[in-house]
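Student: This is a predicted model, with the sequence first.
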Amino acid sequence: MIAPDWPAPAHVHAMMTTREGGVSLPPFDGFNLATHVGDDPAAVAQNRAMLRRHLPAEPLWLNQVHGVAVADAGRDAAGCEGDAAVSFATGMVCAVMTADCLPVLFCDTAGTVVAAAHAGWRGLAAGVLEATVARMGVSPEGILAWLGAAIGPHCFEVGDEVRTAFIERHPVAADAFSRHGDRWLADIYALARIRLASAGVNRIYGGGLCTVSDATRFYSWRRDGKTGRMASLIWKE
């Protein structure tokens with residue numbers, strides 16, 4: 001497990017799981033939490049039960065579609081479509097699953113609201129982080145954001161269409177791309193910081209962990225294809 005290094009209030013708890021531990025067999029070894037990747041359902045259930053011991057409630061597991069919909073962990077049902085979740089209530093766990101996409105955890109400095117967002121490049125370009133900040137309903141200046149492990153800038157090879165999708169909205173995003181043959185290497189962490197800053201969020205922590213480069217700790221779809229998923233979770237007590 002990775003604990004965010006950020007100045008969140010003491011009653012806000014957050015973590016990102018790794019692939020270490022768990023009972024899933026290759027290629028999902030070991031702590032896969034996803035039911036949709038072809039892993040043995042019994043193994044996933046056991047892994048989720050192990051995770052549940054660290055949580056106040058079952059997380060709101062989302063049906064992630066690389067969009068911008070934001071669910072409410074205190075109201076919506078498990079399996080609802082969305083790529084982010086917020087919680088204003090105590091004991092409700094927001095969760096997103098990733099294996100190269102960027103997970104972003106949020107809270108406000110008073111700890112009145114928490115949120116988690118799944119930001120692959122499509123969702124990031126479409127505005128999932130801005131939608132999450134808006135749904136939190138507090139001043140962006142008082143929001144903290146933590147960037148979890150994602151595909152690093154030396155591994156994230158993309159085409160012209162990805163670069164164009166970002167620089168059309170924010171020309172400064174051109175700085176997050178470097179030429180790589182006839183394609184580009186993208187820095188998803190830099191792109192997220194640009195989008196968060198555009199939403200008024202400037203207290204940003206984390207970033208820099210590469211899922212592709214660290215096969216011991218992280219699942220990576222780009223590296224392995226058929227693989228498991230990590231979870232990033234946040235709640236308040």
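Tutor: Thanks, I have the structure now. All values reported here derive from a predicted model rather than from experimental measurement.
Student: alpha carbons only for contacts and neighbour counts from here, please
Tutor: Will do.
Student: in this protein, which spans are strands?
Tutor: For the chain, applying DSSP state E gives strands covering 12-16, 70-72, 84-87, 94-98, 102-108, 114-119, 143-147, 157-158, 177-180, 183-186, 203-206, 230-236.
Student: Arg48: which of those is closest?
Tutor: Counting by Cα to Cα, Arg48 lies closest to strand 230-236 out of the strands of the chain; the figure is 10.2 Å.
Student: about what we covered before: please identify which of the strands of the chain is closest to Pro59.
Tutor: Once those are compared by Cα to Cα, strand 94-98 is nearest, at 5.9 Å.
Student: Give the other helices and strands that the closest one contacts.
Tutor: Strand 94-98 makes packing contacts with strand 84-87, strand 114-119, strand 230-236 when contacts are defined by 3 or more Cα pairs under 8 Å, 6 or more residues apart in numbering; DSSP states H and E.
Student: What segments of this structure are helices?
Tutor: 41-52, 121-126, 128-136, 160-167, 188-198, 221-224 (DSSP state H).
Student: and the first one, average pLDDT?
Tutor: Spelled out, it's helix 41-52. Averaging pLDDT along helix 41-52 gives 97.
Student: List the buried residues for it?
Tutor: Within helix 41-52, the residues that count as buried by 16 or more other Cα atoms under 10 Å are 43-48, 51.
Student: next one: the shortest one
Tutor: Buried residues in helix 221-224, defined by neighbour count with 16+ other Cα under 10 Å: 221-223.
Student: now swap in the fourth one and tell me
Tutor: By neighbour count on 16+ other Cα under 10 Å, the buried set for helix 160-167 is 162-163, 165-167.
Student: Touching it from outside, list them.
Tutor: With Cα atoms under 8 Å, 6 or more residues apart in numbering as the contact definition, helix 160-167 has outside contacts at 121, 125, 173-174, 177, 183-184, 186, 191.
Student: and Arg217, what does it touch?
Tutor: Under the criterion of Cα under 8 Å, 6+ apart, the neighbours of Arg217 are 18-20, 211.
Student: now Lys226
Tutor: 27-28, 37 are the contacts of Lys226 under Cα under 8 Å, 6+ apart.
Student: separation between the residue nearest in space to the middle of the chain and Met16?
Tutor: Centroid-nearest residue in the chain: Pro103, 1.3 Å away (criterion: Cα atoms, centre = their mean). Pro103 is 9 Å from Met16, where distance means Cα to Cα, to the nearest Å.
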